[in-house]
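Asks: Predicted coordinates and the sequence they were generated for:
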Amino acid sequence: MLLTQPYRWGSTVSQVDVGLRKVRGQWDVVGTEATALRTKDLPEDPDVLAATAEAHATTVYYVDQVVATSTEELTTATSWYQDTPILDFIQHVQTETVDTRWRAPSGPTCRCSRSPRRSAGRRSSRRVR
């Protein structure tokens, strides 16, 4: 099994090479390799942008919605090494939003065909009602 995970916000993509050999009329996998490729200095592909434009616009609209507000400033300045209230708040809002939006009427098992994703490099939030 080959596992690959590109780095955040598309700063790398994975090139996956699968070696195949035809044996008795069927293809066998004889090797796999994944390589992380940096995208920083590569131009955007106009065909890919066109093919994903509608989905991207829908995603940006979704992630730019406000989901909560706070009556006081909650900083993340030390969150990378210390537990801070903002992390608890974010987790609470995410949990409540997912529970509300994705829970099936018949119970906790819900197979959703789409899950929201964050747009590359954009800070965003959603509104909790």
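Replies: Sure, I can see it.

Asks: Residue 80: what secondary structure?
Replies: Using DSSP: H, G, I helix; E, B strand; the rest coil, the structure places residue 80 in coil.

Asks: Please apply the same query to residue 22.
Replies: strand.

Asks: Contacts only, for the residue of the chain positioned farthest from its centre.
Replies: Most distant residue from the mean C-alpha position of the chain: residue 24, 41.0 Å away (Cα atoms, centre = their mean). With contact set as Cβ atoms under 8 Å, 6 or more residues apart in numbering, residue 24 has no partners. For every residue, glycine as well, the C-beta is placed using N, CA and C.

Asks: Could you check how many residues crowd around residue 59?
Replies: 19 (other Cβ atoms under 10 Å).

Asks: same deal with residue 67?
Replies: Number of residues near residue 67 (other Cβ under 10 Å) recorded here: 16.

Asks: Name the helix or strand for it, please.
Replies: Of the helices and strands defined by DSSP states H and E, none includes residue 67.

Asks: was I right about it contacting residue 97?
Replies: Yes: counting by Cβ atoms under 8 Å, residue 67 touches residue 97, with 5.7 Å between them.

Asks: Domains in this structure, by residue range?
Replies: 1-42, 43-129 (automatic domain parsing).
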